[in-house]
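Undergrad: Dropping a prediction and its sequence here:
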Amino acid sequence: MVAEATASGGPAFQPTEGTTILALRYGQGVLIAGDRRATAGNAVIYDRADKVLPIDDRSVMAISGSPAMAYEIARILEHSFQYHRRRQLTEMSIEAKLRRLSILIRDNLPMAIQGIGAVVPIFATYDNKDETGKIFFYDALGAQFEVTDFTTTGSGSSAIRGVMYHLNRWGQTPFANLPRDEAIGLSLRLLFTASEYDSATGRYEQTADVFPTVKTVTADGFSDVSVDELRGLHARFIEAG
């Protein structure tokens, strides 16, 4: 365990962690975004980490916490959905998908207790029956919570959760009525704000042209927001103020 390594006089193990992610419902579906930084203690390990992972055509999972465990959970989840589709010749229900993710997170509890493998994801999907995007988040024990408008987790979430509430409640346009470009621009501003107050949250790297990862989930399925589009929206919403 981490504590045992420290007590024995050896160097303390510093697990790699992914940081700030967010999701919000906008006019066409759900937007889900994350910064690109991975850290270990105070050290920046990587500034190109992808924390927003497609699971199937209509489901996306964003990760904060341990990337190693989160990527494995995402891989198992993706294979579970594929296996069900091939065996039953139908898509797994949203309820079954959520339950499967909850079980995988709970199975990871021993690593979370040791402090080296906690995973706190956001799961976004589109419900064809209700014709709306849906957002769920989990705690480290696998408990599932559905939110109607937005959520954020990770080390920088405390810097932007109140901002998101204020903008959604008293801003000019509730998130659910935002057009796509406005929703993407808002997510870029929120992650930029998180990076201002949280050193573990990365921001746009101009020299490397590295932007946050942003994906949308609509009735047409999930879609990546391209680097070219992010570059233009960054200039419009961040640089131009």
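TA: Perfect, thanks for sending it. Residues are numbered from 1 along each chain as shown.

Undergrad: can you list contacts of stretch 83-98?
TA: With Cβ atoms under 8 Å, 6 or more residues apart in numbering as the test, stretch 83-98 has contacts from 55-56, 59, 77, 80-81, 100, 123, 125, 127, 134, 136, 144. Placement of C-beta: from N, CA and C, glycine included.

Undergrad: This structure: strands as residue ranges?
TA: Secondary structure of the chain (DSSP state E): strands at 17-18, 21-25, 29-34, 38-40, 43-46, 52-56, 59-62, 122-127, 132-138, 144-147, 150-153, 213-218, 221-224.

Undergrad: With G115 as the reference, name the closest of those strands.
TA: strand 17-18 (10.6 Å; Cβ to Cβ).

Undergrad: so what pLDDT did the closest residue to R161 other than its chain neighbours get?
TA: Once flanking residues are discounted, R161 sits nearest to T152: 5.5 Å by Cβ to Cβ, 6 or more residues apart in numbering. On pLDDT, T152 comes in at 97.

Undergrad: so what's T152 up against?
TA: Applying Cβ under 8 Å, 6+ apart, the residues near T152 are T20, I21, L22, A23, I160, R161, M164, L190.

Undergrad: Distance to T201 for the strands of the chain - can I get that in a markdown table?
TA: As requested, these are arranged in a markdown table below (distance: least, Cβ to Cβ, whole Å):
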| stretch | distance to T201 |
| --- | --- |
| strand 17-18 | 10 |
| strand 21-25 | 10 |
| strand 29-34 | 9 |
| strand 38-40 | 9 |
| strand 43-46 | 11 |
| strand 52-56 | 14 |
| strand 59-62 | 13 |
| strand 122-127 | 15 |
| strand 132-138 | 18 |
| strand 144-147 | 21 |
| strand 150-153 | 11 |
| strand 213-218 | 13 |
| strand 221-224 | 21 |
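
Undergrad: Least confident of these, on average?
TA: strand 17-18 has the lowest average pLDDT among the strands of the chain, namely a mean of 67.

Undergrad: Spatially central, which residue of the chain would that be?
TA: A62 (2.6 Å; Cα atoms, centre = their mean).

Undergrad: can you pull up the bridge partners for that residue?
TA: Counting by DSSP bridges, A62 is bridged to V52, I122.

Undergrad: quick one on the thing from earlier: quick one: buried ones out of the contacts of stretch 83-98?
TA: Buried members of the contacts of stretch 83-98, counted by 16 or more other Cβ atoms under 10 Å: I55, D56, S59, L77, S80, F81, R100, F123, T125, K134, F136.

Undergrad: Show me the two of those that sit farthest apart.
TA: Of all pairs drawn from those, the greatest distance, 18.8 Å, lies between S80 and K134 (Cβ to Cβ).

Undergrad: before we move on, the earlier item: how far away is the residue nearest to R161 from A208?
TA: Counting by Cβ to Cβ, to the nearest Å, the gap between T152 and A208 amounts to 25 Å.

Undergrad: before we move on, the earlier item: got JSON lines for the contacts of stretch 83-98, with distance to G232 too?
TA: Output for those, formatted as JSON lines (distance: Cβ to Cβ, whole Å):
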{"residue": "I55", "distance to G232": "28"}
{"residue": "D56", "distance to G232": "29"}
{"residue": "S59", "distance to G232": "28"}
{"residue": "L77", "distance to G232": "33"}
{"residue": "S80", "distance to G232": "37"}
{"residue": "F81", "distance to G232": "33"}
{"residue": "R100", "distance to G232": "38"}
{"residue": "F123", "distance to G232": "29"}
{"residue": "T125", "distance to G232": "28"}
{"residue": "D127", "distance to G232": "31"}
{"residue": "K134", "distance to G232": "29"}
{"residue": "F136", "distance to G232": "31"}
{"residue": "Q144", "distance to G232": "36"}
